[in-house]
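Asks: Just need the structure, nothing else, for what follows:
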Amino acid sequence: GGESAGRERAERWLREGLNGYADGHDDLAGDRTSRLSPYLRFGCVSPLELACRAERGEDFVRQLCWRDFHHQVTYAFPRINSENYRHGERRWRHDRDALRAWQSGMTGLPIVDAGMRQLLAEGWMHNRARLIVAAYLVRRLGIDWRDGARHFFEHLLDGDVANNSGNWQWVAGTGNDTRPNRGFNPLRQARRYDPAGDYVRRYVPELADVPGARIHEPWRLPSLPAGYPARLDGTDE
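Replies: Below is the predicted model of the structure:
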């Protein structure tokens, strides 16, 4: 950690990683994001300097802009971590067993479990995986976004109130989104962004021997691999 490590990583990223960011930043197994978010969170590197130096990295700069946007929203709405930005409260489920299964990466949906286990192992999670696991919790399981945000905040090295709560509210449809009913189909996301299943294999060793894309739907195998749970949400999509 610290400024020296952050600046060293930033220099390396701008030199070696920026050019492939637009095409590769959603590739879950490729891990081609900058991983600068913890250094940004603690002020070790400057988002303005990064934006100015990333001359042709529009997609990367756009992510920095989202970060700035959530901070501006939080300045205007400081209760963003506890209250819906959009007024009104939906009826949330309060299922502690389901929440614990999600937290520990034992939902039976491999792409979700891989993301949650990466969080526990590294204190970080790929941005695309963050969207998938958050949407699964609030859209599929119907659990309050604040429960998810609290777990993220406890484990993320880059977790801050503005970005963590702002993004969770965006996914839940309670925040700054012109499409509050936006959904993320986790299987479709898995097939698109982890087509060979390499990201899942990296973090869910129970499924390491499942071939190809079949790893995303282990419930269709003749029997579940040893130690891996059945689907928590019970759907067959």
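Asks: by contact count, what packs against the helix or strand containing residue 65?
Replies: Assessed by DSSP states H and E, residue 65 sits inside helix 58-76. Counting contacts by 3 or more CB pairs under 8 Å, 6 or more residues apart in numbering; DSSP states H and E, helix 58-76 packs against helix 21-24, helix 47-53, helix 161-172. From N, CA and C alone the C-beta is placed, and that goes for glycine too.
Asks: ok, then the element right after that helix?
Replies: Per DSSP H and E, the helix or strand that comes after helix 58-76 is helix 96-103.
Asks: What is the three-state secondary structure of the residue nearest the centre of the chain?
Replies: Nearest residue to the geometric centre of the chain (CA atoms, centre = their mean): residue 130, 1.0 Å. Three-state call for residue 130 (DSSP: H, G, I helix; E, B strand; the rest coil): helix.
Asks: Contact partners for it?
Replies: 115, 152, 167 (CB atoms under 8 Å, 6 or more residues apart in numbering).
Asks: What of residue 92?
Replies: 142-144.
Asks: Buried only: go through these for me.
Replies: 143-144 (16 or more other CB atoms under 10 Å).
Asks: Wait, residue 182 touches residue 173, no?
Replies: Yes: with contact defined as CB atoms under 8 Å, residue 182 reaches residue 173; the gap is 6.6 Å.
Asks: Look at those two and report which has more neighbours.
Replies: Set residue 182 next to residue 173 and count neighbours by other CB atoms under 10 Å: residue 173 wins out with 19 against 14.
Asks: Now do that one against residue 127, distance only.
Replies: 19 Å (CB to CB, to the nearest Å).
Asks: One more: residue 197?
Replies: Separation of residue 197 from residue 127 (CB to CB): 19 Å.
Asks: between the two, who's got more neighbours?
Replies: residue 197 (25 against 15).
Asks: still on that earlier bit, name the surrounding residues that touch the helix holding residue 65.
Replies: By CB under 8 Å, 6+ apart, helix 58-76 touches 18, 21-22, 25, 34, 40, 47, 50-51, 54, 80, 85, 127, 161-163, 165-167, 175-176.
Asks: Let me know how buried the spatially closest residue to residue 131 that is not a sequence neighbour is, in neighbour terms.
Replies: Closest residue in space to residue 131, ignoring its immediate chain neighbours: residue 184 at 5.9 Å, by CB to CB, 6 or more residues apart in numbering. Around residue 184 there are 16 other residues, counting by other CB under 10 Å.
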